[in-house]
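**Student:** here is my input, please return the structure:
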Amino acid sequence: MILFDGVDIQSVADVKIEDIRVSAIQIKDTVRERPISAGSQFVRAKYGTRTVTVTFALLTMDRIARHAALMAINAWAKSDKEYKIELPQSSDFYLVGVCTAKPDPSVRQWWESKLRLVFTCYENPFWTSKIEKTATCGTAFYVQGNAEPFMRIERTLSEDASDQAYSLDGNEIRFSTIPAGNFVLDINNETAVVGTTSIMSNLNVWTRWIVPRVGTQTITGTGTIKYRERWQ
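**Tutor:** The predicted structure is shown next:
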């Protein structure tokens with residue numbers, strides 16, 4: 001079972017999956033050349049993209065049926081944006097990607113088993129938990145995984161609240177005012193809205209944004225923390 005945007009590939013065509021290969025995440029390093037001495041100076045490394053390659057066969061000799069199946073597969077493997085990818089080896093996690101390579105079939109060799117689809121994970125290359133967990137601001141909670149989790153804080157205010165702050169590890173996000181309504185503080189994307197209206201103009205100029213991390217932590221403030229754990 002391979003689901004892309006919630007649709008199983010075997011529901012659109014009778015395919016025989018030969019292999020699913022999930023690449024490691026690319027590590028992109030930044031180095032600084034030494035002008036005189038040998039070698040280079042390492043500056044930092046960051047994670048890049050990863051790919052999911054699906055090889056399969058269409059075991060039918062009927063050319064018309066085979067062509068129709070390939071057209072259905074090409075329509076299923078959308079390339080307009082990234083969608084959720086669910087694979088049989090991991091029922092608790094998903095990837096997010098876009099199809100970047102489609103099958104290149106032979107008209108004669110109906111028995112070929114190396115037809116290939118490639119999905120590339122750009123924005124979120126990590127395995128992401130399907131379960132969203134919650135914690136309360138001001139209480140300790142534990143985040144599993146080995147990659148930065150997705151994290152946001154939600155709160156419903158019946159009236160405007162002044163001088164509101166959220167802090168972790170010495171970093172503090174402070175607002176002069178949070179208006180009444182449904183407040184969402186997106187820690188990963190560094191945004192804050194009430195309803196659909198941004199309140200970033202209410203942010204204190206000395207704010208140092210909280211960095212989502214794994215392990216035991218306590219985020220001070222008022223609201224509910226919602227997070228998804230991620231793995232490399």
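**Student:** sheet-wise, list the partners of the lengthiest strand in the chain with their directions.
**Tutor:** Longest strand of the chain, by residue count under DSSP state E: strand 147-157. Paired strands of strand 147-157, with direction, are strand 181-186 (antiparallel), strand 224-231 (antiparallel) (DSSP bridges).
**Student:** after the first one comes which helix or strand?
**Tutor:** Just to be clear, that refers to strand 181-186. The helix or strand immediately downstream of strand 181-186 is strand 191-194, counting by DSSP states H and E.
**Student:** helices of the protein, start to end?
**Tutor:** Here the chain has its helices, by DSSP state H, at 63-76.
**Student:** who's Phe150 bridged to?
**Tutor:** Residues in a beta bridge with Phe150, per DSSP bridges, are Arg228.
**Student:** sorry, wrong one. I was asking about Thr136.
**Tutor:** Thr136 has these beta-bridge partners by DSSP bridges: Thr224.
**Student:** Val184 too?
**Tutor:** Taking DSSP bridges as the rule, Val184 bridges to Glu154, Val193.
**Student:** mind listing what's buried along stretch 146-163?
**Tutor:** Buried residues in stretch 146-163, counting neighbours by 16 or more other C-beta atoms under 10 Å, are found at Ala147, Glu148, Pro149, Phe150, Met151, Arg152, Ile153, Arg155, Leu157. Heads up, the C-betas are built off the backbone N, CA and C, glycines and all.
**Student:** list the contacts of the residue nearest to the spatial centre of the chain.
**Tutor:** Per C-alpha atoms, centre = their mean, the C-alpha nearest to the average position across the chain is that of Asn124, at 3.0 Å. By C-beta atoms under 8 Å, 6 or more residues apart in numbering, the contact set of Asn124 is Glu82, Leu95, Val96, Arg230.
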